[in-house]
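Colleague: can't give you the sequence, but here's the structure:
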């Protein structure tokens with residue numbers, strides 16, 4: 001798999017608790033892919049894309065490293081991305 005729907009990737013990476021929440025986050029314009037605001041939950045992300053995600057009280061910057069067929073536990077989700085903000089807070 002070299003691409004995945006944005007809402008599905010956010011859910012698999014455990015950025016949000018439900019896929020519907022991921023879709024709502026994207027539709028609200030709170031997600032940027034490589035600096036460009038994306039409002040389509042079905043937009044495909046690929047490895048190497050940098051996602052900027054505006055959450056309730058924080059902003060997360062994640063680099064897509066891989067994809068999953070199904071949603072796993074937190075340790076499985078952690079290998080899907082590289083947190084570009086580690087140690088900057």
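Modeller: Yep, that arrived. Keep in mind it's a predicted model, so treat the numbers as computed, not measured.
Colleague: Grab the nearest non-local neighbour of the residue nearest the centre of the chain.
Modeller: Nearest to the geometric centre of the chain sits residue 10, at 3.6 Å (CA atoms, centre = their mean). Nearest residue to residue 10, sequence neighbours excluded (CB to CB, 6 or more residues apart in numbering): residue 22, at 4.0 Å. Heads up, the C-betas are built off the backbone N, CA and C, glycines and all.
Colleague: In this structure, where's the longest helix?
Modeller: When the chain is parsed with DSSP state H, its longest helix is helix 19-27.
Colleague: Buried residues in that one, which are they?
Modeller: Across helix 19-27, burial judged by 16 or more other CB atoms under 10 Å covers 19, 22-23, 25-26.
Colleague: I'd guessed the residue nearest to residue 10 sits against residue 11; true?
Modeller: Yes - using CB atoms under 8 Å, residue 22 is in contact with residue 11, at 4.8 Å.
Colleague: Sketch out the low-pLDDT regions of this protein for me.
Modeller: 86-89 (pLDDT under 70).
Colleague: The same query, at a cut-off of 50, please.
Modeller: The chain contains residues with pLDDT under 50 at 89.
Colleague: just the strands in it please.
Modeller: In the chain, the strands defined using DSSP state E lie at 3-5, 31-33, 36-37, 44-46, 50-54, 59-64, 81-83.
Colleague: between these, which one is nearest to residue 71?
Modeller: Closest to residue 71 of those is strand 3-5 (CB to CB; 12.0 Å).
Colleague: list the helices and strands the closest one packs on?
Modeller: On a contact count with 3 or more CB pairs under 8 Å, 6 or more residues apart in numbering; DSSP states H and E, strand 3-5 meets strand 44-46.
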